[in-house]
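Novice: compute the structure for the input listed below.
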Amino acid sequence: MADASICPIDAQFSGEISTLLSPPPLPQVQEYFEALVAERQCSEIKVIPDSEHGKGVYSQFDFQENDLVLKDRMLVGAQHSSNKIDCLVCSFCFQFIGSVELQIGRKLYLEELGVSPFNECGPSDQMECSSSSEKINLSQGIIQSLMNGSLQLPYSEKFPLPSVVPCPGGCKEAYYCSKSCAEADWDSFHSLLCIGRGSIALNTDALMKFVKHANETNDIFIVAAKVISFTVLRYRKLKQQGKHDTSKSSSSCIFPLLLEAWKPVSMGFKKRWWDCIALPEDVDSCDESDFRMQIKDLAFESLQLLKEAIYDSECAPLFSLDIYGHIIGMFELNNLDLVVASPVEDYFLYIDDLPPSQKKEAEKITKSFLDALGDDYSISCQGTAFFPLQSCMNHSCIPNAKAFKREEDRDGQAIIVALRPILKGEEITISYIDEDLTYEERQELLADYGFTCKCPKCIEERP
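Specialist: Residues are numbered from 1 along each chain as shown. Prediction:
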């Protein structure tokens, strides 16, 4: 295993790394979030930074119970590797694409090929491996007819999906719902992380090794790579726009530009991954030090592969282990699960709710497909994402809001709804944990976030 204690970039750029990881000044935080709220037309909320709690989100409007409080577009996110067999979604906005028939046919086709999710998930991946009940096998001809559109299932037209748009770089890993999503992903992330012929990565073979390592260990490395790609591409764009006088730069790295490119990421609360990750139940406390060192070594292995694939000397500090660890830690502490409901589940529920005569007729065709899918027919798109506004919401064990996808929410945006009436000027809070746990259990879980909860419920229940 690689020695994570030896990372020359960390030593060479220690000053720049320290500056990148320093919390931005409060006026800069205020200015950034005011601009973001205006850009996203979220005038009902306001982000207020303070030196004690970091940031908080406050209502600028009187909300009623179940009102939509916030619809937050992610800064960066990724579908879990193990979920890609079950769900074909847009790699940028994460809505389902193709057709109900393609979703079903593709899943059955991949299962027939023997493709299966990676068995080993990392410590921060909370997905469980499930075994399906006995399934009925369908012929390859029927599966192919579903995938190529020659077989249309009854009533599937009631569940239309956007057409599949291929990756601009020609890889077979990323697909999109529209040309605009494809271009946005290419410009923001994917051009550096594409393994197709059009990729601008230094070494696509190394990139494939990085992806394989992430899939076999912990796919949180994929989202960390997207953050680095996002920052490198922003830096290059700012440089191209002439945002800084390069003649005055004594270093190959124009550090003020790198700081500006990093700004959206700098707003997220961070700790090193190996310091903040919760100790698994099967790891004894006396082995905690060894466990955390193993996590650090794992991150170093991943970083070395990524560096070989996309390293940019002008953005060298981004490829330090300290930065990489803090990026992953940001997802550990701030992530909201990325979940998008499956139209396949909606389709079969629709068939089940048809009047008896229509249901009987439809099931002559659909039953064999439902039996072939087994219990896995309803799997949703699942992943990890960082949402800049949602991440500013503080915790309470008696929250007044929650993350909740409504029937109409069909992409990867975070949806926050009111649990009760929220008055103008009141702080909007969510729960980071199961608030029905005991006081001791809640405090133990919240310690991983680095604070002791002092909400009214905790004050009342404190021994």
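Novice: identify, by residue count, the longest helix of the protein.
Specialist: In the chain, ranked by residue count with DSSP state H as the criterion, the top helix is helix 288-310.
Novice: buried ones in that one?
Specialist: 291-292, 294-310 (16 or more other CB atoms under 10 Å). For every residue, glycine as well, the C-beta is placed using N, CA and C.
Novice: these two touch, right, Q413 and L75?
Specialist: No. Q413 lies out of contact with L75 (CB atoms under 8 Å); the separation is 11.7 Å.
Novice: okay, and the common contacts of the two?
Specialist: F387 (CB atoms under 8 Å, 6 or more residues apart in numbering).
Novice: so where's the stretch 151-300 of the chain uncertain?
Specialist: Counting by pLDDT under 70, the stretch 151-300 of the chain contains low-confidence ranges at 243-251.
Novice: now the strands for it?
Specialist: 165-166, 175-176 (DSSP state E, counting those that start in this stretch).
Novice: single out the most deeply packed of these.
Specialist: strand 175-176 (a mean of 23; mean count of other CB atoms under 10 Å).
Novice: on contacts alone, who are the packing partners of that strand?
Specialist: Other helices and strands packing on strand 175-176, by 3 or more CB pairs under 8 Å, 6 or more residues apart in numbering; DSSP states H and E, are strand 165-166.
Novice: quick one: contacts for G412?
Specialist: Counted by CB under 8 Å, 6+ apart, G412 has contacts 74, 77, 93-95, 338, 340, 381, 383, 385.
Novice: and those residues, which is closest to Q240?
Specialist: M74 (25.3 Å; CB to CB).
Novice: confidence score at that closest one?
Specialist: M74 carries a pLDDT value of 95.
Novice: that one contacts F386, correct?
Specialist: Yes. Assessed by CB under 8 Å, M74 is found in contact with F386 at 6.3 Å.
Novice: list the beta-bridge partners for the residue nearest to the spatial centre of the chain.
Specialist: Nearest to the mean C-alpha position of the chain, by CA atoms, centre = their mean, lies A385 at 2.2 Å. For A385, the beta-bridge partners under DSSP bridges are G77, L336.
Novice: and it, how far from T217?
Specialist: Using CB to CB, to the nearest Å, we find A385 at a distance of 20 Å from T217.
Novice: helix or strand: which one has the residue of the chain most remote from its centre?
Specialist: Going by CA atoms, centre = their mean, the residue of the chain most distant from its centre is S357, 43.3 Å out. Assigned by DSSP states H and E, S357 belongs to helix 356-373.
Novice: mind giving me the packing neighbours of that helix?
Specialist: helix 100-112, helix 343-352.
Novice: quick one: contacts of stretch 443-461?
Specialist: 271, 276-278, 333, 395-398, 429, 432-433, 435, 437-439, 442.
Novice: how about 7 Å then?
Specialist: 271, 276, 278, 333, 395-398, 432-433, 439, 442 (CB atoms under 7 Å, 6 or more residues apart in numbering).
Novice: any weak-confidence spans in the stretch 1-150 of the chain?
Specialist: Ranges of the stretch 1-150 of the chain meeting pLDDT under 70: 1-6, 116-135.
Novice: sounds good, over and out.
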